[in-house]
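> Following is a predicted model, sequence given first.
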Amino acid sequence: MSTTRPYPPGDRGPEPSGASGASAPVPSSGVSETSGAATAPAPVPASASASGEGGGRQARRLTFEDASGVVPMARDFTREALYAWGWLPAATADQRAAAEDVLLVVSELVTNACLHAEGPDELRITCEKKVIRLEVSDRGTGQPTPRTPHRAGRPGGHGMFIVQRLCLDWGVVRTPGVAGKRVWAELGAPA
């Protein structure tokens, strides 16, 4: 597990074009792309956008500006993305468990932003090569860490422990001179 990293784990350095997955903006065109073929714009909530990029990378963004009920909103938004990207409906128990893990991690990351960081600003979801990457931006200064020792029988303090257990990797990205951070987590699809 890494809690700070200059670039996300899927990026092993700059791409030949100089772009990386973490720094590429998600266009707000409302156009989604699946399996490399562009589709017509789908209905997207006013505060959300979807985009697709070449090579099968798909991305969606949800902003939480002045929103209430952000945890269920984030789960619903993520569930819609999972349906659009073929993770749902799940054909097997393993596929269903993978989708439920994604929804649980979204809930934990957004809840942590609510409890410890003045609320979330944005949720970004990307899917590439059977890996889902979740990023929650907030204005908080704290550093999320799993509580140690983990006390399973006590209420609270389980969020980042759950994220650590379910994810391939997770971490925090801060931009110098910008308030807040992005907490990211990556989960894999079942084989």
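Sure thing, it's come through.
> which stretches of the chain form helices?
Listed in chain order, the helices of the chain (DSSP state H) span residues 70-84, 93-116, 159-166.
> Turn those into a markdown table, including mean pLDDT and distance to Gln58.
The C-beta positions use only the backbone N, C-alpha and C, and glycine is treated the same way. Compiled in a markdown table, the helices of the chain are given as follows (pLDDT from 0 to 100; distance: least, C-beta to C-beta, whole Å):
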| stretch | mean pLDDT | distance to Gln58 |
| --- | --- | --- |
| helix 70-84 | 97 | 8 |
| helix 93-116 | 95 | 14 |
| helix 159-166 | 88 | 21 |
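> closest one to Arg139 among the ones you listed?
In this view, the helices of the chain are compared for proximity to Arg139 by C-beta to C-beta, and helix 93-116 is the closest at 9.0 Å.
> The protein: strands as residue ranges?
If you assign secondary structure with DSSP state E, the strands in the chain sit at 33-34, 37-38, 48-52, 58-63, 120-128, 131-138, 169-173, 181-188.
> Out of the helices of the chain, which gets nearest to Val173?
helix 93-116 (13.1 Å).
> any weak-confidence spans in this protein?
Under the criterion pLDDT under 70, the flagged ranges of the chain are 1-55, 145-158.
> again, only using 90
Along the chain, the parts satisfying pLDDT under 90 run over 1-56, 66, 116, 118, 129, 141-162, 177-179, 189-191.
> Out of the helices of the chain, which gets nearest to Asp138?
When the helices of the chain are compared for distance to Asp138 using C-beta to C-beta, the nearest one is helix 93-116, at 4.2 Å.
> Return the set of buried residues in the closest one.
Within helix 93-116, the residues that qualify as buried are 95, 98-99, 101-114, counting by 16 or more other C-beta atoms under 10 Å.
> one step back: out of the helices of the chain, which is closest to Ala191?
The stretch from the helices of the chain with the least distance to Ala191 (C-beta to C-beta) is helix 93-116; that distance is 8.1 Å.
> residues in contact with that closest one?
With contacts defined as C-beta atoms under 8 Å, 6 or more residues apart in numbering, helix 93-116 is touched by 70-71, 74-75, 78-79, 82, 87-88, 90, 119-120, 123, 132, 134, 136, 138, 140, 142, 144, 159-160, 162-163, 166-167, 183, 185, 187-190.
> Quick check on those residues: which are buried?
Among the contacts of helix 93-116, those that count as buried by neighbour count (16+ other C-beta under 10 Å) are 70-71, 74-75, 78-79, 82, 87-88, 90, 120, 123, 132, 134, 136, 138, 140, 144, 159-160, 162-163, 166-167, 183, 185, 187, 189.
> related to what we said a few turns ago, what about the helices of the chain, which gets the closest to Val178?
Val178 sits nearest to helix 93-116 of all those, at 15.8 Å, using C-beta to C-beta.
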